[in-house]
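> Please find the sequence and the predicted model below.
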Amino acid sequence: MEKHTLSQDSELLTEIAVAYYQDETTQEEIARKFGISRIKVGRLLKRAREEGIVEINVRYHPVFSTRLEQQLLDRFPQLQRALIALDLQDSDEQRRQLAALVSTHLEQSLKENSVVAVGQGRNVAAIADHPGQVPTRNCHFISGIGGTHRPGDAINADHISRRLAKKFGGISETLYAPAYVENRALKEAFMQNGTIKETLDRARKADIALVGIGDMNENSYMVKLGWFSPHEIIDASLNQGVTGDIAGYDFFNSQGQHVDTVMNDRVIGLSIDELRKIPCVIAIASENTKALAILGALRTGAIDIIATTAQNIRTILNMTQ
């Protein structure tokens, strides 16, 4: 009797996972269909992930993504790869799915003694938090941007770097500087510090960089951190044509051209020019609001692998016809 119950339970998990991930049925609709609460649907979807039911057939469809990837590579020949996630309605699930693709790519591409410069943000953090057994690599993970002052914040570069080192094996190196300072004079003072200079020099020589792509809106990560005011973000977007940033550091317009703003003088980390010299820069953006920011980032020439959603890729292809 118990085996039959377990079998039925597995079938239910599979049916709900397919409905949600493949058929794009909402959790509310699934709850009504199966006569259960939305909270229980969320728990069952979590179990389906934990038990590996959605790992291959639901999370990633190679035939689907290969076509979109090739179209994007044709438009941007400098790109090495595009890691494309299926579109999901749940933003957290979308981020986890993309993290799974990047994590798998790293498992295949990281070599012994690889050096990885690590950026900040939720999308980069999700890679470190993606579950699964990973072959140990003797890698060196280095913070590519300074830290924030929020205790327990799991999405600053140092915390992410430590978790990546634990996941893949190897060591983590902290950039002992704040990510944000109040003015240019403070930034220049920090950049003269020997320890900070040495860490950034090692980050500049990395084999791989993991960075996020930010967009310009008053609810952005940088505003929530208190780095910039909503007014400064809106002014940069409307009056100076800024569409996004790479790694929370360098700002650009939709053509990928650098835009010099007051914000450039406040962040301590790798610049776009320095990222261009790193052999493989992997940029991650799971939010479907970031197509224009991704387009600008691709046009900077600093990105070698883009990891984002199918919807963002389709929007970029439409914008560049």
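Nice, I can see it. Numbers count the residues shown, from 1 in each chain.

> Would you mind listing where the protein has pLDDT under the threshold?
1-8, 54-64, 133, 149-153, 217-228, 233-239, 248-249, 263 (pLDDT under 70).

> For the lengthiest strand in it, which strands pair with it and how are they oriented?
In the chain, assigned by DSSP state E, the strand with the most residues is strand 208-215. Partners of strand 208-215 in the sheet, by DSSP bridges, are strand 115-118 (parallel), strand 244-246 (antiparallel), strand 280-284 (parallel).

> Out of these, which is closest to residue 270?
The closest of those to residue 270 is strand 115-118. By Cβ to Cβ, the value is 6.3 Å. Using the backbone N, CA and C atoms, a C-beta is placed for each residue, glycine as well.

> For the closest one, give me every contacting residue.
110, 124, 139-144, 157, 160-161, 164, 202-210, 270, 278 (Cβ atoms under 8 Å, 6 or more residues apart in numbering).

> Next secondary structure element downstream of it?
helix 122-129 (DSSP states H and E).

> Any idea what residue 82 is bridged to?
Assigned bridge partners for residue 82, using DSSP bridges, are residue 306.

> I'd say it and residue 306 touch.
Yes: with contact defined as Cβ atoms under 8 Å, residue 82 and residue 306 form a contacting pair (5.2 Å).

> Now for these two: what residues contact both?
residue 72.

> Compare the two and say which is more crowded by neighbours.
residue 306 (27 against 21; other Cβ atoms under 10 Å).

> Distance check, that one against residue 80.
Using Cβ to Cβ, to the nearest Å, we find residue 306 at a distance of 9 Å from residue 80.

> What about residue 92, how many residues nearby?
11.

> Which of the three states applies to it?
Assigned by DSSP: H, G, I helix; E, B strand; the rest coil, the conformation of residue 92 is helix.

> which residues does it contact?
So residue 92 contacts nothing (Cβ under 8 Å, 6+ apart).

> Use 46 as the first number for this chain going forward.
With the count now opening at 46, the last piece we talked about shows up as residue 137.

> List the contacts of the strand or helix carrying residue 186.
For residue 186, the element it lies in under DSSP H and E is strand 184-188. Strand 184-188 is contacted by residues 155, 157-163, 202-203, 206-207, 209-210, 213-220, 244, 247-248, 251 when judged by Cβ under 8 Å, 6+ apart.

> With stretch 81-96 instead?
With Cβ under 8 Å, 6+ apart, stretch 81-96 has contacts from 55, 57-59, 61-62, 65, 72-73, 75-76, 79, 99-100, 138, 141, 176.

> try it again with 10 Å
Stretch 81-96 has contacts (Cβ atoms under 10 Å, 6 or more residues apart in numbering) with 54-55, 57-66, 70-79, 98-100, 103-104, 135, 138, 141-142, 145, 176.

> picking that back up, so which of the contacts of strand 184-188 are in helices?
202-203, 206-207, 209-210, 213, 244, 247-248 (DSSP state H).

> do you know how far residue 81 is from residue 89?
Residue 81 is 8 Å from residue 89, by Cβ to Cβ.

> For the helix or strand harbouring residue 73, give me every contacting residue.
In this structure, residue 73 sits in helix 72-79 according to DSSP H and E. For helix 72-79, contacts defined as Cβ under 10 Å, 6+ apart pick out 57, 60-62, 64-65, 68, 70-71, 81-87, 89-90, 134-135.

> Residue 201 touches residue 224, doesn't it?
Yes: shown here, residue 201 and residue 224 form a contact pair, counting by Cβ atoms under 10 Å, at 7.0 Å.

> and the helix or strand harbouring residue 145 with strand 184-188, angle?
Residue 145 belongs to helix 136-154 when assigned by DSSP H and E. Calculated by axes from the mean of the first three to the mean of the last three Cα atoms, to 10 degrees, helix 136-154 forms an angle of 140 degrees with strand 184-188.

> Would you mark the buried spots in helix 136-154?
Under the neighbour-count criterion of 16 or more other Cβ atoms under 10 Å, helix 136-154 has 138-151 buried.
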